[in-house]
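**Q** any chance you could fold what I've pasted below:
(3 chains)
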Amino acid sequence: MHGAATAGHREDGVTGPAPTPPAALLSIRALRVDLRAEGELRRVIHDVTLDVAEGESVGLVGESGSGKSMTARAVARLLPEGAVTGGEIVFDGEPVLTLRGAALRRFRRGGIATIFQDPAAHINPVRTIGDHLTEGLRLVRGVDAREAERRAAAMLGEVGIAGGERRLRQHPHELSGGMLQRVMIASVLLDEPRLILADEPTTALDVTTQSEVMALLSELSRERRLAMLYITHDLELAAGVCDRTAVMYAGAVMEVQRSAALNDGPLNPYTAALLAARPRVDARSDRLEAIAGRPRSAFEAPEGCVFADRCPHVEDACVAERQELRPLAGGLVRCRRAEELRGRLGHA
Amino acid sequence: MSGALPIERVIPPGAARRRLRGRDPLLAGCVVVIAALVLMALLAPLIAPHDPDASDILAANEGSSLSHPLGTDSVGRDILSRIIHGARLSLLGPALVVVAATVGGVAVALVTAWRGGRVDTVASRVLDILFAFPGLIFAILAVAMFGTGLVAPVIALSIAYLPYIARVIRSAAIRERALPYVEACQVAGMSPLRICWRHLLPNLLPYVAVQAAVSFGYALVDLSALSYLGLGVQPPSAEWGRMVADGQAAILNGNPEASLYAGMAIVVTVLAFNLLADRLVRRTAQ
Amino acid sequence: MPEPVVAVEDLRKEFPVPGAPGLVAVDDVSFELERGESLAVIGESGSGKTTLARMLVGLETPTAGRIEIDGEDRSRPGRRARERLERGRRIQLVFQNPYSSLDRRQPARACIAEMLDLHFGLSPDERDARVRELCEQVGLDERQAGALPRALSGGQRQRVAIARALAVRPQVLVLDEAVASLDVSIQAQILNLLADIRAQEDISYIVVSHDLAVVRQISDKGFVMEHGRVVERGSTVDLLDAPQHPYTQLLRRSVPGPGWTPQRRQRGVHA
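**A** Numbering: from 1, shown residues only, chains lettered A, B, ... in the order given. Predicted coordinates for the structure are as follows:
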C-alpha cells in the first residue's frame, strides 16, 4: 500500500515506550476529534493514544460520553460530517485520517471491517442473507456467483449457523438478533480484513447469546490471526476476551494494561472506581462504591485531570494541569499519583 | 442515607441551542402578520378611515389619493376601509371552521388512539367515507339546503375538515400512546380521561397547532370561493372573496383595485398561515 | 406465617396469534412475596418476565390465574377509578427506560405532585413538603426538581421515576430492568438508593432482571424463567452459587467476570 508518506510520523506520539511491540498494525497517536453541534465545535475526544498489534485483541472500555465509539468511527473513517480531527491514525503504515478518493475506498474494502451493535440496521432488509454475504465477493473480488455462495455457506458453518445453503435464501427478519450478529461476523470475515472493529457487538443480545457470540468472535479472530479493537461499556467482558484493555474517560485514554492484570492491579483511580462500582455476581457487597457525579464528556471535563472532579484521590495539583499518558508497570497510565497509589487501588 | 448520596449534575443545554431555537425570523414574521390581521379585524371601526358601506357614486373608481389610499370601488366605497372591515368576516369564518374541526378531530383522534381495536376500525371507516366528500361541494350542498350566509358553509366545512385533522392527530396520538410514560400514568391509577387531557393532549399540541394553521389557510380559500360564487356572505357586507367578485366588472374598465387588493389580502393571509404551519412542523421535528 | 403481600397462583398469559394457537408468554407461574422481601424474576428476552410484571401492575389482563395484592384480588386491571387508585397505592412500577417513562413536558416536581394530588387530599403546603421530602430521599436537588426530563441525565430521570413511584408509599415496587440502561457508575448509585429505601420504608421489591449481578445485589430470593415457565427457584445465594437447572447454570456461566472466558454452547446450534 502507500506507506512511504508516513514513515516519519510515528515517532511523534506523546507516550514514550509503549508496552506493545513496535510493529503495531493500528497505531492511534494523540487523536483529537471535535464535532460540529448546533453551530459550535465540541470536543468529543481530546487525547487517545493506543496501539493494536497484528493478531492482538484490544478492548476499549468506557461509559457513555467517554468517546469510545467516536474513536472507532475515526479509525473506520465514519466520523459525522464536519468533524475536525487532530493527531494521527496509522493503519499498516498508512495514515488513515488523510485518505481520500480511491485510496479511501481501498482502505474501506481492505484492511478494516466493522461489526456494529445493531446488525439489523446494517443488513438490507429486503435482500437475502445470501445477497448480503456474497455481494462483496462478487463485486469487489470478482468471484463467480456459485463459488461466492459456496464460500458464504461455508462461512455460515464457521460462525455456527447450520444449514448454510438454506439460510442464504432467508431474509434478515427470519433470523433472531443473535443469528443476525453471526451473519454480520460471517460477512466481515468473508472480507478477509486484518483488523476487526467491534462496536458493542453484543450489547443488544441476551447474556447467553452474548457469551456465544463473543466466544465465536475471539475464537475466529485467534484462528485467523486477526487483530481486534473491541469497544464496550463492560469492563469484565472486555477483560474476558481481549489481550489488553484500554479504559477511556471524558475523551481520553486513562489506562492501558494487560487484561489479566487490570482487575487486580488497576493503575488509574477511575479504573479502580469502575471496578468497585459494578455489583458482583459472586458476592453481595453491603454497599456499592458508587462514583460521585455522572460521567463527563470531553467538552465538559474539568481543566486539569479529566477525572479530577469525581476522583477520591484528587489533590490540588491534579486540578491544575492536564495529565499525559505515561508508561508504568508494563502498562500506560494517565494519573500523576499513579506510582504513589499503586497497589492501594483495586477492591478491598 | 440519601444525604450522603452523590448528587449528579448536568450542564444545562448550551445557550447556543436556546438562541438557535428562539431565532426563526420567518416564524416571527408570520406571527407578526397574523397578529396584525387579527388586530385589524378587532379594531376595524377605530382604524378604518371611512365607513366601509358608505357609497359616493360621484367618487366611483377613483385611484389612490390622500383620502382614499387604495382608491374607491365601482360605487365609490373606500377600498381600504372595506379591506379592514372585511378582515372581520373573512377571518371569523375560517376561525370558526378551524375551532370546530380541530376540537372534533382531536376528540376523535384521542378516542380512537386510546381505545384501539374495534372502536378504531369503525371510526377509521367513517372517516374514510367523510374523505370522499370534497369540502367545497359539501358546502355548496349545505348552502342549497340551508340558504346562503356564513353559518351553513362553516358547519359544512367543519365537518369536511374534521377527518383530515383526525387522521393526522390520530397517528401522532398512537405513537405518543405507546410511550412508557402513558403506562406509568396508568400504573399510577389515573383515569384514561385524565391521561388524555393532562398528558397526551399537551404533548400533541404542536401537531394540533400545525393542523389548525394549515386548515385555516384552506378554510379561508374555500370560504372566499363560496363568497365569490355568491353563496357565502351576502352584499353589502364587506368580505374579501365577495370584494373580488364585486370588483370583477371594474377590471375590464381598467380599475382592478378592488379585486386586486382584496385578492392580495387573501393571498397574504393564506401565505402567512401556511408558512406558520411549515415553520411549526420544522420546530416540532427538532 | 404472616400473610404475603403478593400471592400469584397459576398465572397464565396467552397472546392471540391470527390463524394459530395463542403464544404463551407466561405459563402457570405461582409465587409469594412476603412483606419487606425482595424477589428476583430472572430471565432473558422472551422469558415472559416483563409480561408477568405488567400483569402485576394491571397493564395486562391475565388469561387465567389469580393475583392477590395485600389480601385483595387484583387478577384483572381495575375497571372503576376507585379500583385503579387502590391498586396504584399498593403496587408501583419503575420502567427500564428513564428517557421515555416520564412526561417530557412535566418538571420532576410536578410529576411527583400530580401523583400526590391523585391519591391524597393534601393541602398545597403539605403536598409541597412531601415533594421536597421525596426529592431529598432520592437525591434530587432544587434545580433538578424543577427541571424538565430533557435537562436531566439518565440516572437523574430514574431518580424522578423512583420518587414518583414512592410518592404513594406503595407496599410493592416492581423494578423492570430499572438499572439496565444506566452507566456502571450511575447504576451503583441507584442500586444503593434502592437499598436505602428498603431499609427506611416498609416496602417489598420485585426485581425483574437479566443481570445476575444486579439480582445478587438487591434480592433475597427469586426464580428463573425460560419460555414463560419457572425452571428454578430458591434463595438468591443458592440460585447463583449452586444452580441446579441447566438453563440457570448456562446463565450463570455466561456472566463475564475476572478469569471468565466466553463459551460456545455447541457448534452449529440454532441461537
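**Q** just want the residue of chain B that's nearest chain C.
**A** residue B:189 (3.0 Å; CB to the nearest CB). All C-beta spots, glycine's among them, are computed from the backbone N, C-alpha and C.
**Q** helices or strands up against the helix ranked longest in chain B?
**A** When chain B is parsed with DSSP state H, its longest helix is helix B:79-115. In terms of contacts (3 or more CB pairs under 8 Å, 6 or more residues apart in numbering or on different chains; DSSP states H and E), helix B:79-115 is packed against helix B:25-42, helix B:44-47, helix B:117-131, helix B:151-177, helix B:201-228, helix B:240-252, helix B:257-285.
**Q** follow-up on the earlier one: surely the residue of chain B closest to chain C and residue C:120 touch.
**A** No. If you go by CB atoms under 8 Å, residue B:189 and residue C:120 don't touch, sitting 11.9 Å apart.
**Q** between those two, which one's more packed in?
**A** residue B:189 (24 against 14; other CB atoms under 10 Å in any protein chain shown).
**Q** low-confidence stretches in the stretch 51-200 of chain B?
**A** Regions of the stretch 51-200 of chain B meeting the criterion pLDDT under 70 are absent.
**Q** residues of it that sit close to chain C?
**A** Proximity of the stretch 51-200 of chain B to chain C (CB under 8 Å from any CB of the partner chain) is limited to residues B:179-181, B:183-191, B:198-199.
**Q** in a strand, residue A:48, correct?
**A** Yes. Membership of residue A:48 in a strand is supported by DSSP: H, G, I helix; E, B strand; the rest coil.
**Q** looking at it, it is touching residue A:26, isn't it?
**A** No. In this structure residue A:48 lies outside contact range of residue A:26 using CB under 8 Å: 11.7 Å.
**Q** and the residue nearest the centre of chain B, how far is that from residue B:254?
**A** By CA atoms, centre = their mean, chain B has its centre lying nearest to residue B:216, at 2.0 Å. Computed as CB to CB, to the nearest Å, the residue B:216 to residue B:254 distance reads 34 Å.
**Q** sec struct for whatever residue of chain A ends up closest to chain B, please.
**A** The nearest approach of chain A to chain B comes at residue A:292, 3.3 Å away (CB to the nearest CB). State at residue A:292, reduced to three classes by three-state DSSP: coil.
**Q** who are the neighbours in contact with the nearest residue to residue A:242 once chain neighbours are set aside?
**A** Spatial nearest neighbour of residue A:242, excluding adjacent residues (CB to CB, 6 or more residues apart in numbering or on different chains): residue A:59 at 3.7 Å. Listed by CB atoms under 8 Å, 6 or more residues apart in numbering or on different chains, the contact set of residue A:59 reads A:230-232, A:237-239, A:241-242, A:244-246, A:259.
**Q** tell me the SS of residue A:59?
**A** strand.
**Q** just checking, residue B:88 touches residue B:44?
**A** Yes. Using CB under 8 Å, residue B:88 is in contact with residue B:44, at 5.8 Å.
**Q** which residue ranges of the stretch 151-300 of chain A form strands?
**A** For the stretch 151-300 of chain A, applying DSSP state E, counting those that start in this stretch gives strands covering A:195-199, A:227-232, A:244-249, A:252-258.
**Q** dump those strands to CSV, plus mean pLDDT and distance to residue A:266.
**A** Shown next, in CSV, are those (pLDDT from 0 to 100; distance: least, CB to CB, whole Å):
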stretch, mean pLDDT, distance to residue A:266
strand A:195-199, 92, 23
strand A:227-232, 93, 17
strand A:244-249, 94, 8
strand A:252-258, 93, 7
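**Q** so of these, which one's packed in deepest?
**A** Between the strands of the stretch 151-300 of chain A, strand A:244-249 has the highest mean count of neighbours, a mean of 29, where neighbours are mean count of other CB atoms under 10 Å in any protein chain shown.
**Q** packing partners of that strand?
**A** Using 3+ CB pairs under 8 Å, 6+ apart: strand A:244-249 touches strand A:57-61, helix A:235-241, strand A:252-258, helix A:259-262, helix A:269-277.
**Q** residue C:93: which of those is closest?
**A** helix A:269-277 (25.5 Å; CB to CB).
**Q** that closest one vs chain B: in contact?
**A** No. Judged by CB under 8 Å from any CB, helix A:269-277 makes no contact with chain B; its nearest approach is 11.3 Å.
**Q** and that helix with chain C, contact?
**A** Yes. Against chain C, helix A:269-277 shows contacts by CB under 8 Å from any CB at A:273-274, A:277.
**Q** quick one: mean pLDDT over that helix.
**A** Averaging pLDDT along helix A:269-277 yields 91.
**Q** that older thread, the residue of chain A closest to chain B is in contact with residue A:310, isn't it?
**A** Yes. With contact defined as CB under 8 Å, residue A:292 reaches residue A:310; the gap is 5.4 Å.
**Q** quick one: residue C:198 and residue A:340, what's the gap?
**A** Taking CB to CB, one finds residue C:198 at 39 Å from residue A:340.
**Q** these two: which is more packed in?
**A** For the pair residue C:198 and residue A:340, the greater number of neighbours falls to residue C:198 (17 against 11), based on other CB under 10 Å.
**Q** secondary structure element holding residue C:4?
**A** Using DSSP states H and E, residue C:4 sits within no helix or strand.
**Q** and the pLDDT for it?
**A** At residue C:4, pLDDT is 92.
**Q** next one: residue C:20
**A** Residue C:20 carries a pLDDT value of 81.
**Q** would you list the phi and psi of it?
**A** In terms of degrees, to the nearest 10, the main-chain angles of residue C:20 are phi -150, psi 160.
**Q** okay, now it: neighbour count?
**A** 7.
**Q** ok, now how distant is it from residue A:171?
**A** Taken as CB to CB, the span from residue C:20 to residue A:171 is 20 Å.
**Q** tell me which helix or strand the residue nearest to residue A:303 when sequence neighbours are not counted sits in.
**A** Counting by CB to CB, 6+ apart, residue A:303 lies nearest to residue A:319, which is 7.1 Å off, once chain neighbours are set aside. Element membership of residue A:319 [criterion: DSSP H and E] is helix A:316-320.
**Q** and that helix, what's buried?
**A** For helix A:316-320, the neighbour count (16 or more other CB atoms under 10 Å in any protein chain shown) marks residue A:318 as buried.
**Q** before we move on, what about stretch A:184-204?
**A** For stretch A:184-204, a neighbour-count test (16+ other CB under 10 Å) marks A:184-191, A:193-202, A:204 as buried.
**Q** picking up where we left off before, the residue nearest to residue A:303: what's it in contact with?
**A** A:302-305, A:308.
**Q** just want the most central residue of chain C.
**A** Judging by CA atoms, centre = their mean, chain C has its centre closest to residue C:175, at 1.9 Å.
**Q** now the residue of the stretch 51-200 of chain B found nearest chain A. Its backbone dihedrals?
**A** Proximity of the stretch 51-200 of chain B to chain A (CB to the nearest CB) peaks at residue B:180, 18.5 Å away. Main-chain torsions, residue B:180, degrees, to the nearest 10: phi -60, psi -30.
**Q** for it, what are its contacts?
**A** Listed by CB under 8 Å, 6+ apart, the contact partners of residue B:180 are C:95, C:97, C:100-101.
**Q** what is the burial count for residue 82?
**A** In the absence of a named chain, chain A is used. 10.
**Q** please refer instead to chain B.
**A** Neighbours of residue B:82 (other CB under 10 Å): 30.
**Q** check the gap between it and residue B:73 for me.
**A** 7 Å.
**Q** shared neighbours of these two, anything?
**A** Contacts common to residue B:82 and residue B:73, judged by CB under 8 Å, 6+ apart, are B:243, B:258.
**Q** do whichever strand or helix holds residue A:138 and chain C meet?
**A** Take DSSP H and E as the rule and residue A:138 turns out to sit in helix A:129-139. No. Helix A:129-139 lies out of reach of chain C by CB under 8 Å from any CB, never closer than 14.3 Å.
**Q** buried residues in that helix, which are they?
**A** Using 16+ other CB under 10 Å as the test for burial, helix A:129-139 gives A:129-137.
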